[in-house]
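Participant: all I have is the shape, not the residue letters:
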């Protein structure tokens, strides 16, 4: 049989066999996408279709169990093997698809010749509680029915499904499995597949080959698939009445690799130190170094002039403001809103709120007042800190909120000592965009932030000789890291106006003129600077994050900075305290990412753990897509006033702690240990 067209003989058979037509039309209705194991290489990479093979042999103990269950009957043995392959496909499949099609030759014919049809699609479906025994019975029916209606040509089935053949891709299924004792491998010769399991039973063994398309798969991947195929059957046969969802395909060695080797060891850090304590330590170390540079209205300077504050001065202003907030009702544990333009007063306001023992809740001046009012009401906020430049926006919030100007509190020394707060106190609350509904508030404590910032001290090396551009919007959680990594390490923080930051030429000039060494930026904004083809010679640390970073942008970035500049791809959700994983992109490794859709996110930060689970909440094998979960001390307690969304996105346990489901297609479990460290 050739797969290019339907012969006259086949066409007549298809027209005459009405029952066969009706069966296949019903059986294949609503057929899902082609079932396959995840490819190592892109289907459109242009690599030629090239089948290679590797050997597979089943252990003697498993062979004996297979023989016992099949009662030494080859047709039953084949059904067991098909069932095992379907379970393995299910374990390798991301998302909610539970519908799988594999191919099989028709049984060997006594008289060789030109048959009407030589290949059959076997479609089977799994439910949440399907047991291996139930799957075996389903596969048995599927195989028997397929052979009963085998005289309907495969090309005619494709026509029923509107699946035209094209080039070297067979559209209905990707994988075939056969047992040479009852099948003939030659019956598949005209079907272009990407994987074929050809097995043979002798009196003492079950072995064979796995053929695979080397244009799509690495040999190491096939070795892993073959190992997992054997393991699925070894796990399933002793308890065929158990749901297949509970089968574990990973060996202890693979689990150790995923749990331990793919995660950084959790380093120690002083969990009891608050952000303000770390800032105070830096003030003691470098009181006279420049901490903050920007444009502001300060008593004694001309309006709009440049403002430079030393660490001592910044500590004094923020301490005064904290005392002023306390006199106006700000108490430890309270939340205080802040609505400010990008300016030194914005930074003073943030630190002042923290020193008062309160959590700051940043508001976006550019959003409608109704959204900001929603945030303030959701947090039960009464005090809103603002600046002269943003007072008009703050006034639009309404009379029910008390407005306090940063400048009013900066120069008034407090009469009472500032409160002492613990690391478990809230530090800030960031609200998500609300693109999928109402904005969700995430409360982060000082303790949540501690492992990340101490990881930064250890792994980045940003210090007192550096100058950082405050580039990120303060209502974007990445700004917390950008601001306090610098101000607790002696790095000077430079403020620039929105007009400068959104003008690529002015942005570049600002970096050059001020000899900025540290830049945090999104790929979108960075691409505008890159397009200017200007080399930023002063940069020592280029941190890109918040969006997917492509190979092309990473490659171009390396050409526009000095060879000594370190380039980082940073990833993390607000719910897990800003940055959960970082990849430092080495110049000699950048080419490794050419074939990927985006640059990898790297290894966990702090004591975070990353782990990838399938739809059964089991660890996914290497290179298999699944749902990404994050654990560790950086994971927040949940969403403010939103227990339903908290239950949906967080895996909490009694006594506190938990893990966060970031890319989710189903509900996570209600309990998960907090410090499990898993990553794929």
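Facilitator: Nice, thanks for sending it over. Note that the coordinates shown come from a computational prediction; the quantities given were computed from them, not determined experimentally. Residues are numbered from 1 along each chain as shown.

Participant: okay, now residue 72: neighbour count?
Facilitator: Neighbourhood size, residue 72 [other CB atoms under 10 Å]: 12. Backbone N, C-alpha and C define where each C-beta goes, glycine included.

Participant: please read off the pLDDT at the residue lying closest to residue 98 once chain neighbours are set aside from the model.
Facilitator: The shortest distance from residue 98 to any non-neighbouring residue, by CB to CB, 6 or more residues apart in numbering, is to residue 126 (4.3 Å). Looking at residue 126, its pLDDT reads 92.

Participant: residue 126 against residue 135, yeah?
Facilitator: Yes: the pair residue 126 and residue 135 passes the contact test of CB atoms under 8 Å, sitting 6.9 Å apart.

Participant: neighbour count winner among these two?
Facilitator: Between residue 126 and residue 135, residue 135 has the larger neighbour count (other CB under 10 Å), namely 26 against 21.

Participant: who are the contact partners of the residue nearest to that one when sequence neighbours are not counted?
Facilitator: Counting by CB to CB, 6+ apart, residue 135 lies nearest to residue 83, which is 4.9 Å off, once chain neighbours are set aside. Shown in contact with residue 83 (CB atoms under 8 Å, 6 or more residues apart in numbering): 132, 135-136, 139, 236.

Participant: secondary structure element for residue 83?
Facilitator: Assessed by DSSP states H and E, residue 83 sits inside helix 74-92.

Participant: and the helices in the stretch 251-400 of the chain, which stretches?
Facilitator: 252-256, 275-285, 311-327, 344-355, 369-378, 391-395 (DSSP state H, counting those that start in this stretch).

Participant: does residue 24 touch residue 152 like I think?
Facilitator: Yes: Residue 24 lies in contact with residue 152 (CB under 8 Å); the separation is 5.5 Å.

Participant: next up, the contacts around residue 333.
Facilitator: 357-359, 425-426.

Participant: got a list of contacts for stretch 274-286?
Facilitator: 311-312, 314-315, 351, 354-355, 421-423, 425, 427, 446, 449, 453, 464, 484, 487-490.

Participant: buried subset of these as a PyMOL selection?
Facilitator: The buried residues among these can be selected in PyMOL (16 or more other CB atoms under 10 Å) with this line:
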select buried, resi 311+314+315+351+354+355+421+423+425+427+446+449+453+484+487+488+489+490
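
Participant: okay, and the common contacts of residue 126 and residue 135?
Facilitator: What both residue 126 and residue 135 touch, as defined by CB under 8 Å, 6+ apart, is the set 86-87, 244.

Participant: of the residues you listed, closest to residue 432?
Facilitator: Proximity of those to residue 432 (CB to CB) peaks at residue 244, which lies at 36.8 Å.

Participant: what score does that closest one have for pLDDT?
Facilitator: Looking at residue 244, the pLDDT reads 93.

Participant: tell me the two of the contacts of residue 83 that are most distant?
Facilitator: The largest separation in those, counting by CB to CB, is between 139 and 236 at 12.5 Å.

Participant: pull the number of nearby residues for residue 465.
Facilitator: The number of residues packed near residue 465 is 11, by other CB under 10 Å.

Participant: repeat for residue 101
Facilitator: Residue 101 has 22 neighbouring residues, counting by other CB under 10 Å.

Participant: quick one: secondary structure of it?
Facilitator: Under DSSP: H, G, I helix; E, B strand; the rest coil, the three-state class of residue 101 is strand.

Participant: go on, residue 438?
Facilitator: coil.

Participant: wait, isn't it in contact with residue 374?
Facilitator: Yes: using CB under 8 Å, residue 438 is in contact with residue 374, at 7.2 Å.

Participant: so what does the residue nearest to residue 576 when sequence neighbours are not counted have for phi and psi?
Facilitator: Nearest residue to residue 576 in three dimensions, chain neighbours excluded: residue 630, at 4.5 Å (CB to CB, 6+ apart). Note on residue 630: its backbone torsions stand at phi -130, psi 140 [degrees, to the nearest 10].

Participant: tell me what residue 630 is bridged to.
Facilitator: Assessed by DSSP bridges, residue 630 has beta-bridge partners residue 610, residue 660.

Participant: number the chain from 488, please
Facilitator: Yes, from this point I'll number from 488; that puts the last item at residue 1117.

Participant: contact partners for residue 796?
Facilitator: Counting by CB under 8 Å, 6+ apart, residue 796 touches 777-780, 804, 831.

Participant: in which helix or strand does residue 548 reside?
Facilitator: Secondary structure from DSSP H and E places residue 548 in helix 547-557.

Participant: again, but for residue 616
Facilitator: With DSSP H and E as criterion, residue 616 is part of no helix or strand.

Participant: could I get the contacting residues of it?
Facilitator: 730, 732 are the contacts of residue 616 under CB under 8 Å, 6+ apart.

Participant: one more: residue 692?
Facilitator: Counting by CB under 8 Å, 6+ apart, residue 692 makes contact with 544-545, 547, 550.

Participant: can I get those residues in a markdown table including neighbour count?
Facilitator: Shown next, in a markdown table, are the contacts of residue 692 (neighbours: other CB atoms under 10 Å):
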| residue | neighbour count |
| --- | --- |
| 544 | 13 |
| 545 | 21 |
| 547 | 11 |
| 550 | 17 |
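
Participant: ok, so of the residues you listed, who is nearest residue 1105?
Facilitator: residue 545 (22.9 Å).

Participant: I'd say that closest one and residue 718 touch.
Facilitator: No: judged on CB under 8 Å, residue 545 makes no contact with residue 718 at a distance of 10.8 Å.

Participant: thinking again about what came up before, could you check how far the residue nearest to residue 622 is from residue 911?
Facilitator: Using CB to CB, to the nearest Å, residue 570 is found at 52 Å from residue 911.

Participant: helices and strands around the helix holding residue 548, which ones?
Facilitator: Judged by 3 or more CB pairs under 8 Å, 6 or more residues apart in numbering; DSSP states H and E, the packing partners of helix 547-557 are helix 561-579, helix 706-723.

Participant: and these, which is most packed in?
Facilitator: helix 561-579 (a mean of 23; mean count of other CB atoms under 10 Å).

Participant: got the angle for that helix vs helix 547-557?
Facilitator: Helix 561-579 runs at 120 degrees relative to helix 547-557, counting by axes from the mean of the first three to the mean of the last three CA atoms, to 10 degrees.

Participant: which parts of the stretch 538-687 of the chain are strands?
Facilitator: 538-544, 586-592, 606-612, 662-666, 682-688 (DSSP state E, counting those that start in this stretch).

Participant: closest one to residue 674 among these?
Facilitator: strand 586-592 (3.8 Å).

Participant: what helices or strands is that closest one leaning on?
Facilitator: Counting contacts by 3+ CB pairs under 8 Å, 6+ apart, strand 586-592 packs against helix 561-579, strand 606-612, strand 662-666.

Participant: let's see 10 Å
Facilitator: helix 561-579, strand 606-612, helix 619-635, strand 662-666, strand 682-688 (3 or more CB pairs under 10 Å, 6 or more residues apart in numbering; DSSP states H and E).

Participant: run the chain-centre distance for it.
Facilitator: Averaging C-alpha positions (CA atoms, centre = their mean, to the nearest Å) puts strand 586-592 31 Å from its chain's average.

Participant: next, the angle helix 561-579 makes with that strand.
Facilitator: 140 degrees.

Participant: moving C-terminal from the helix or strand of the chain with the lowest mean pLDDT, which element do we reach first?
Facilitator: Least confident helix or strand of the chain, by mean pLDDT, DSSP states H and E, is helix 495-503 with a mean of 56. For helix 495-503, the following helix or strand on the C-terminal side (DSSP H and E) is helix 505-514.

Participant: what does that next one contact?
Facilitator: 500-502, 504, 588, 604, 607-610, 629, 632-633, 635-641, 643-644, 647-648 (CB atoms under 10 Å, 6 or more residues apart in numbering).

Participant: how is the protein divided into domains?
Facilitator: 495-522+539-736, 1094-1167 (automatic domain parsing).

Participant: now do the last one, average pLDDT.
Facilitator: Right, the one you point to is domain 1094-1167. pLDDT averaged over domain 1094-1167 gives 69.
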